[in-house]
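Asker: Would you be able to build a 3D model of this:
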Amino acid sequence: MTNMVFYEKPGCASNRRQKQQLRAAGFELQVRDLLGEPWTRELLRPFFAERPVAEWFNRAAPAVKSGAIDPQQLDAEQALALLLAQPLLIRRPLISCGSLRMAGFDAQALNALLPEGDRLELLAASPEGCAHGDHDHGRCAAPGAPR
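Answerer: Numbers count the residues shown, from 1 in each chain. Sure thing, here's the model as predicted:
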């Protein structure tokens, strides 16, 4: 069994489904509250690796959806300052597994950690992890979708 730290927004339906899939694939999860974690630049930055700054952000966060924050206009230092001040802006989940750090649920990267027979079978997902891609404060708004 592979140990993984999974940083979530408590109550997020997408994160709940992701945790179920990871456990079914054999990961042992240590679940932590993304919003309550005492983040520093040094702890948070590795989760984004070489991704463009705009991909560090949760596009469903109210400040991003409303246009109050435009991640496309930020450099790395400005983005980190905002993410540290407002963790709700952080793309989730954050995942730490061995030396791997990632922001978002990347099935390809996660599958690389598993033997071929244990690969994850994932729903087609938006970058924020919901197959419907329409969120209001972390809840899927698609008709009939699990909440």
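Asker: where in this structure is pLDDT low?
Answerer: Low-confidence segments of the chain (pLDDT under 70): 1, 117-147.
Asker: So which residues of it form strands?
Answerer: Along the chain, the segments classed as strands by DSSP state E run 2-8, 27-33, 94-97, 100-103, 135-136, 139-140.
Asker: Put together TSV for these, with mean neighbour count on each row.
Answerer: For glycine as for every other residue, the C-beta is placed from the backbone atoms N, C-alpha and C. Converted to TSV, the strands of the chain look like this (neighbours: other CB atoms under 10 Å):
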stretch	mean neighbour count
strand 2-8	19
strand 27-33	14
strand 94-97	21
strand 100-103	19
strand 135-136	16
strand 139-140	20
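Asker: Which of the ones you listed sits closest to residue 76?
Answerer: Ranking the strands of the chain by their distance to residue 76 (criterion: CB to CB) puts strand 100-103 first, at 13.4 Å.
Asker: For the closest one, name the packing helices and strands.
Answerer: Judged by 3 or more CB pairs under 8 Å, 6 or more residues apart in numbering; DSSP states H and E, strand 100-103 is in contact with strand 94-97.
Asker: Run through who's touching the strand it packs on.
Answerer: Strand 94-97 has contacts (CB atoms under 8 Å, 6 or more residues apart in numbering) with 2-7, 27, 34, 47, 101-103, 105, 110, 113.
Asker: Recalculate using a threshold of 7 Å.
Answerer: With CB atoms under 7 Å, 6 or more residues apart in numbering as the test, strand 94-97 has contacts from 2, 4, 5, 6, 7, 34, 47, 102, 103, 113.
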